[in-house]
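1. Here is my input; please provide its structure:
(2 chains)
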Protein chains: 2
Amino acid sequence: MSLLVTGSMGIDTLETPHGRAVDVLGGSAVHFAFGAGIYTRVRLVGVVGDDFPAAMRDVLASGNIDLAGLETRKGSRTFRWSGKYTPDMNDRETLDVQLNVLAEDAPRVPAAFADSSVLFLANTHPALQRQMRAAVPGAKLTVCDTMDLWITGQRDELVKTLAEVDGLIINDGEARQLTGCGNLIEAGEAILRLGPRFTVIKKGEHGSLLLTGTSVTALPAFPTRQVKDPTGAGDSFAGGMLGFLASAGKYDDAALRRALVHGTVVASFTIEDFSVNRIRSVTRAEVDQRARQFTEMLRIE
Amino acid sequence: MSLLVTGSMGIDTLETPHGRAVDVLGGSAVHFAFGAGIYTRVRLVGVVGDDFPAAMRDVLASGNIDLAGLETRKGSRTFRWSGKYTPDMNDRETLDVQLNVLAEDAPRVPAAFADSSVLFLANTHPALQRQMRAAVPGAKLTVCDTMDLWITGQRDELVKTLAEVDGLIINDGEARQLTGCGNLIEAGEAILRLGPRFTVIKKGEHGSLLLTGTSVTALPAFPTRQVKDPTGAGDSFAGGMLGFLASAGKYDDAALRRALVHGTVVASFTIEDFSVNRIRSVTRAEVDQRARQFTEMLRIE
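-> Coordinates of the predicted model:
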């Protein structure tokens, strides 16, 4: 099944306890695409400025990514984010954000992408997410992400968007903020009442929670001692989930639970190195092996 | 297999977002005993003052607990703790501690308890833990807990104790403090180098981590919307684990993994009400049913 992602593409500068990365490839759509690309070819819709380095374009082109929807806008500058992680890497401080081209018109979905079956609307203005959704009329599965900015500032728009999607993948703090529920199961149930058929609440190093109308699944993160840079873990988690679902062609509860394992495992590779340095070379055999190791760990007779 | 616990017994006053409990039964040995008592009869060794209410003694006597090791010391007062939880209940502030009888001589292990097979040394001075260990020479499995006070103030004594026990059950913050490792798997490995054959790192609502020399198991907490009072969750977690192990009579890796599930499930009952109000009436059938539900949730084909 064809998979399309729209979201941010950017140039990141960041510091973790393991080092500093200056002007590296980042953005939600990029991390998603490398995670999902392990499973299936990904149609990427995004926009960068004419300052976007050729070397980064080469990295994208080296992935399992169709770049027909990548617009390079003349006279505009690429989105930039700069941040620093706390010593335990469970939190980060944003030092600088330059929206640049992300504050301009959205990129267009190419006509050739309009038949995509699975659609991931990475974090952006919820009205824009609906506009993107409308450009892919035949999507069988539409999943979105969001953030505090829209939860507090564009709540009505976000509620409209949630009524139109099949799934919401969101982090724990945002789930609490969106629903006003401190307990994450209650938060997940409140999200389902807003429209989505399922929701995944990501808890970073503490794992994730999947709620469908009929089941609750809590999983730990994949236990690892190798954590170099958490940037993009959540986006590649979504990429692993949706890449797996698109390649499986099924979206029932059992498939969603298997996809949750794959999201977990893909994120565990992403954090092993800065930017997309690790995830871009991960193979399907590697994720399958780690997924087996993970499900074996959780199988208690 | 006979199971003995030594630890604190006390009178708690506490406040959570769900209410306030004044002068209720508490203490590490008490919460442990009710958790373990679901699986096997528990020999409790502890000391209270002559102010210990008859009603609390009745509650203890109603449990699956042998009180021959409960000393009521004339002229002394019972240990008291008072605290208040944060709105998300992931942290708490201690408002008052009165050590009282806990600052005096330790209770004696009755001669009839010296043949106990499984021994849990709840949190106390590590030298005292070794003294208790010596009073049960035939113990096949000895597990202890500890806290920041001893990690920072009695490190040498604690290291000696750890060299003599089979297992350490500890919370995540203390594991980091004890080992200096931020990553919990590295912390667990550092603990094993100090002597224990296994260690369990408890992460509260985020689950737990079991390390043996040959395996790492990460489990989520049992997903629940019913959290009224987290007090005693960690002690009853240890009680569920050791009660299960004592009743199974096996301590290999497979048994430890099953025990981890039972600790998780027992803790999920404890937090449903204040003090021991919920856990004291839980049956083996109820924990077995919830354990099946939990392992089914974690079985992803």
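2. Do I have it right that residue A:198 meets residue A:211?
-> Yes: counting by CB atoms under 8 Å, residue A:211 is a contact partner of residue A:198 at 6.5 Å. C-beta coordinates here come from the backbone N, C-alpha and C atoms, glycine included.
3. which neighbours do the two share?
-> Residues touching both residue A:198 and residue A:211 by CB atoms under 8 Å, 6 or more residues apart in numbering or on different chains: residue A:192.
4. need the contact list for residue A:118.
-> Taking CB under 8 Å, 6+ apart as the criterion, residue A:118 is in contact with A:1, A:2, A:3, A:4, A:139, A:140, A:141, A:142, A:143, A:242, A:245, A:246.
5. Which of those residues fall within strands?
-> By the criterion of DSSP state E, membership of those in strands covers A:3, A:4, A:141, A:142, A:143.
6. Just the buried ones from the residues you listed, in ChimeraX syntax?
-> Provided next is the ChimeraX selection string for whichever of the ones in strands among the contacts of residue A:118 are buried by 16 or more other CB atoms under 10 Å in any protein chain shown:
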select /A:3,4,141,142,143
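7. residues from the stretch 201-301 of chain A in reach of chain B?
-> A:203, A:206-207, A:209, A:215-225, A:227, A:254, A:257-258, A:260-261, A:295, A:297-301 (CB under 8 Å from any CB of the partner chain).
8. An error on my part: the question was meant for the stretch 51-200 of chain A.
-> A:87, A:88, A:182, A:183, A:184, A:185, A:186.
9. Output the residues you listed in a markdown table; the columns should cover secondary structure.
-> As requested, these are exported to a markdown table (DSSP: H, G, I helix; E, B strand; the rest coil):
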| residue | secondary structure |
| --- | --- |
| A:87 | coil |
| A:88 | coil |
| A:182 | coil |
| A:183 | coil |
| A:184 | helix |
| A:185 | helix |
| A:186 | helix |
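10. which one of those residues has the most neighbours?
-> residue A:184 (21 neighbours; other CB atoms under 10 Å in any protein chain shown).
11. Can you check the pLDDT for that one?
-> Reported pLDDT at residue A:184 in the predicted model: 95.
12. Then the one 5 residues further on?
-> Per-residue confidence (pLDDT) for residue A:189: 97.
13. List the residues that contact the closest residue to it other than its chain neighbours.
-> Excluding the flanking residues, the one nearest residue A:189 by CB to CB, 6 or more residues apart in numbering or on different chains is residue A:211, at 6.7 Å. By CB under 8 Å, 6+ apart, residue A:211 lies in contact with A:185, A:188, A:189, A:191, A:192, A:198, A:199, A:201, A:217.
14. re earlier: so which pair among the residues of the stretch 51-200 of chain A next to chain B is furthest apart in space?
-> For those, the farthest-apart pair by CB to CB is A:87 and A:186; their separation is 31.7 Å.
15. Toward the C-terminus, what is the element adjacent to the longest helix seen in chain A?
-> The single longest helix within chain A, with elements called by DSSP state H, is helix A:253-270. Sequence-wise, the next helix or strand downstream of helix A:253-270 (DSSP states H and E) is helix A:284-298.
16. quick one: average pLDDT of that following helix?
-> 98.
17. same question, stretch A:241-255
-> Rounded mean pLDDT across stretch A:241-255 is 96.
18. so how far is that stretch off the chain centroid?
-> Here stretch A:241-255 is found 15 Å from its chain centre; the criterion is CA atoms, centre = their mean, to the nearest Å.
19. what distance separates the start and the end of it?
-> Separation of the first and last residues of stretch A:241-255 by CA to CA, to the nearest Å is 10 Å.
20. Sort out which residues of it are buried, please.
-> A:241, A:242, A:243, A:244, A:245, A:246, A:247, A:248, A:251.
21. Not counting it itself, show me its contacts.
-> With CB under 8 Å, 6+ apart as the contact definition, stretch A:241-255 has outside contacts at A:1-3, A:5, A:32, A:35-40, A:42, A:117-118, A:120, A:140-141, A:143, A:166, A:169, A:200, A:212, A:214-215, A:256, A:258-260, A:262-263, A:266, B:301.
22. picking up where we left off before, want to try TSV for the ones in strands among the contacts of residue A:118, with pLDDT as columns?
-> Converted to TSV, these look like this (pLDDT from 0 to 100):
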residue	pLDDT
A:3	98
A:4	98
A:141	97
A:142	98
A:143	98
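23. Kindly indicate which of the ones in strands among the contacts of residue A:118 lies nearest residue B:93.
-> Ranked by distance to residue B:93 (CB to CB), those are led by residue A:143 at 40.1 Å.
24. give the contact list for the closest one.
-> Contacts of residue A:143 (CB under 8 Å, 6+ apart): A:118, A:119, A:120, A:121, A:165, A:166, A:167, A:168, A:169, A:238, A:242.
25. so how far is stretch A:58-74 from its chain's centroid?
-> That offset, for stretch A:58-74, works out to 17 Å (CA atoms, centre = their mean).
26. So for it, what gets flagged as buried?
-> Buried residues in stretch A:58-74 (16+ other CB under 10 Å): A:59, A:60, A:63, A:64, A:65, A:66, A:67, A:69, A:70, A:71, A:73.
27. if we can go back for a sec, which two of the buried residues of stretch A:241-255 have the greatest separation?
-> A:243 and A:251 (13.1 Å).
28. re earlier: take the buried residues of stretch A:58-74 and write them to TSV, including pLDDT and secondary structure.
-> Converted to TSV, the buried residues of stretch A:58-74 look like this (pLDDT from 0 to 100; DSSP: H, G, I helix; E, B strand; the rest coil):
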residue	pLDDT	secondary structure
A:59	97	helix
A:60	98	helix
A:63	97	coil
A:64	98	coil
A:65	98	strand
A:66	98	strand
A:67	97	strand
A:69	97	strand
A:70	97	strand
A:71	97	strand
A:73	97	strand
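29. out of these, who's nearest chain B?
-> residue A:64 (24.9 Å; CB to the nearest CB).
30. Apart from its chain neighbours, what residue comes closest to that closest one?
-> Nearest non-adjacent residue to residue A:64, counting by CB to CB, 6+ apart: residue A:37, 3.5 Å away.
31. For the one you found, give its distance to residue B:278.
-> Distance, residue A:37 to residue B:278, using CB to CB, to the nearest Å: 48 Å.
32. the more surrounded of the two?
-> When neighbours are counted by other CB under 10 Å, residue A:37 and residue B:278 differ, and residue A:37 comes out ahead with 24 against 19.
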